[in-house]
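Q: Give me a model of this one.
(one chain, ligands or ions: 1)
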Amino acid sequence: MESLKHPLPPHAESTAVATPLALLEHLADGGFAEAEALLGNDAESLLLYRDGDTVRAWLNVCPHAGRRLDWAPGQFLKSRDGLLVCAAHGASFELQNGLCTAGPCRGESLRAVPVVVRDGAVFLAGE
Ligand code: FES
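A: Numbering: from 1, shown residues only. A predicted model of the protein is given here:
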């Protein structure tokens, strides 16, 4: 086998195109979406929440009993006072920081996943 005369440059792996989690235009301001992402070696469901030009993300796992927060894929409940409500047993979470303020896991928090908005799309931070 012929050896490479010009080996790949050290940065070649970083030229792979990142896949967006969502397009910003598909997320209503104040609305939710669900996205699948590979975190480490595990495929995880994420909850995305748009707040103006920013998006926050958490694992779609409730700290109470480990259930998904949505009642159907991508369908999340929001209370009149602007809290995310777990579809399983009604725990309520602040959308600024993922803190549970009412319900069976009060005082616990959702697990944040760092994301960035770039060129109108949402990506895992670092991609
Ligand atoms: S699993 Fe969310 S409140 Fe019980």
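Q: does any part of stretch 91-99 sit near the ligand?
A: Yes - residues of stretch 91-99 are located near the ligand by C-beta under 6 Å from any ligand atom, namely residue 91. Using the backbone N, CA and C atoms, a C-beta is placed for each residue, glycine as well.
Q: How about that stretch, which residues are buried there?
A: Neighbour counts over stretch 91-99 (16 or more other C-beta atoms under 10 Å) mark 91-93, 95, 98 as buried.
Q: avg pLDDT for stretch 56-76?
A: Per-residue pLDDT over stretch 56-76 has a mean of 97.
Q: I'd like the distance from that stretch to the chain centre, please.
A: 10 Å (C-alpha atoms, centre = their mean, to the nearest Å).
Q: Please apply the same query to stretch 96-107.
A: Worked out by C-alpha atoms, centre = their mean, stretch 96-107 lies 17 Å from the chain centre.
Q: same deal with stretch 67-78?
A: With C-alpha atoms, centre = their mean, you get 13 Å for stretch 67-78.
Q: how far does that stretch stretch from start to finish?
A: For stretch 67-78, the first-to-last residue distance is 17 Å (C-alpha to C-alpha, to the nearest Å).
Q: Quick check: residues of the protein near the ligand?
A: 62, 64-65, 67, 86, 88-91, 103-104.
Q: The chain: strands as residue ranges?
A: 22-23, 32-39, 42-51, 54-59, 77-78, 84-85, 92-93, 100-102, 115-118, 121-124 (DSSP state E).
Q: any idea which of those strands is most buried?
A: Mean neighbour count, computed with mean count of other C-beta atoms under 10 Å, is highest for strand 92-93 among the strands of the chain, reaching a mean of 24.
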